[in-house]
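[1] coords please:
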Amino acid sequence: MQVVRKIEGMQEISDRLRQEDKRIGFVPTMGYLHEGHLSLVRKAKDLCDSVVVSIFVNPTQFGPGEDFERYPRDEEGDKSKLEQEGVDFLFIPEIRDMYLLGYQTYVDVTEVSKGLCGDFRPGHFRGVATVVAKLFNLVKPHVAIFGEKDYQQLLVIKRMAKDLNFDIEIIPGRTVREEDGIAMSSRNTYLSPEARKKATVLYRSLRKGKELFDSGERDVSTLSQTIRKEIESEEDVTLQYVEIRDAETLERIERVNRPAAIAVAAIIGSVRLIDNIIIGRDQG
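    Residues are numbered from 1 along each chain as shown. Okay, the predicted model is just below:
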């Protein structure tokens with residue numbers, strides 16, 4: 001695996017791979033890699049000739065008081081995991097190179113970023129869209145893989161790629177979960193043992209909503225109330241939202257007549273966690 005730190009070096013490699021008719025797969029990350037990330041890497045390897053993974057803790061997607069400085073980092077551990085997966089290139093750019101002095105250009109996906117996490121993290125998706133657009137221009141992939149765990153982010157990227165005519169196929173990867181059902185996330189490391197137990201209520205509530213849907217319930221209000229009641233039954237869990245939105249557009253719906261995303265967010269201890277489940281689609 002070749003580690004690339006300079007923007008120019010990544011561009012030269014991407015140009016060479018394309019000249020050699022190599023299909024480039026790209027998995028952008030913020031590091032501190034877990035099995036969820038590695039599942040995306042394996043998907044990229046299955047689909048492409050060369051795989052690039054980036055590690056970049058992007059400052060523009062963190063708001064005031066968020067965890068940019070203490071976001072978990074483990075470059076050597078990440079390198080080892082990616083080498084074992086057979087990744088070809090690891091791109092680790094510097095902040096000063098990604099955002100030059102006087103930087104003032106941003107990408108704003110206006111509608112898909114509204115609501116859900118967009119309400120609780122103002123400016124977050126502008127930062128995400130901006131850095132991903134920049135990484136696309138540097139890595140020049142044919143395929144980019146994003147996890148469904150961050151479902152709103154996935155749709156923001158898909159909308160941006162379509163609107164800005166990126167010739168890149170955006171492919172989702174299913175959420176990978178711990179044995180207790182918690183969606184794998186780098187931020188899980190913040191959870192105390194007690195908070196970790198409480199955090200299982202998120203997936204438990206989503207499963208309860210899906211079971212109600214599978215039994216024939218289609219009313220969004222009824223489904224939402226059931227999920228909300230389950231989460232609020234757990235002490236010391238502060239619910240931020242329960243939303244059921246169209247799975248393709250994230251538009252509000254009143255009845256589930258096509259695939260929909262049930263999304264939840266809550267603060268457990270001092271840790272903000274999100275999770276989701278898709279209902280009404282083939283689960284294969």
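[2] residue 106 belongs to a strand?
    No - checked against DSSP: H, G, I helix; E, B strand; the rest coil, residue 106 lies outside a strand; its state is coil.
[3] quick one: residues contacting it.
    60, 126, 127, 129, 130 (C-beta atoms under 8 Å, 6 or more residues apart in numbering). (Glycine included, C-beta is placed from N, CA and C.)
[4] include distance to residue 163, secondary structure and pLDDT when you put the residues you listed into JSON lines, please.
    Below are these laid out as JSON lines (distance: C-beta to C-beta, whole Å; DSSP: H, G, I helix; E, B strand; the rest coil; pLDDT from 0 to 100):
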{"residue": "60", "distance to residue 163": "19", "secondary structure": "helix", "pLDDT": "97"}
{"residue": "126", "distance to residue 163": "14", "secondary structure": "helix", "pLDDT": "98"}
{"residue": "127", "distance to residue 163": "17", "secondary structure": "helix", "pLDDT": "98"}
{"residue": "129", "distance to residue 163": "10", "secondary structure": "helix", "pLDDT": "98"}
{"residue": "130", "distance to residue 163": "14", "secondary structure": "helix", "pLDDT": "98"}
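[5] most neighbours among these, please name it.
    residue 129 (26 neighbours; other C-beta atoms under 10 Å).
[6] was I right to think it contacts residue 158?
    No - using C-beta atoms under 8 Å as the test, residue 129 is too far from residue 158 to be in contact (10.9 Å).
[7] of all residues in the chain, which one is nearest the centre?
    By C-alpha atoms, centre = their mean, the chain has its centre lying nearest to residue 150, at 3.4 Å.
[8] any idea how far it is from residue 132?
    12 Å (C-beta to C-beta, to the nearest Å).
[9] again, but for residue 26
    10 Å.
[10] sorry, back to before: nearest to residue 34, out of the contacts of residue 106: which one, please.
    residue 127 (22.0 Å; C-beta to C-beta).
[11] what residues are up against the closest one?
    Residues near residue 127 by C-beta under 8 Å, 6+ apart: 58, 59, 60, 61, 62, 106.
[12] how about residue 199?
    182, 188, 191, 268, 271, 273.
[13] that one: which element?
    helix 193-214 (DSSP states H and E).
[14] between the helix or strand following that helix and helix 193-214, how many degrees?
    Using DSSP H and E, the helix or strand that follows helix 193-214 towards the C-terminus is helix 220-232. Interaxial angle of helix 220-232 relative to helix 193-214 (axes from the mean of the first three to the mean of the last three C-alpha atoms, to 10 degrees): 160 degrees.
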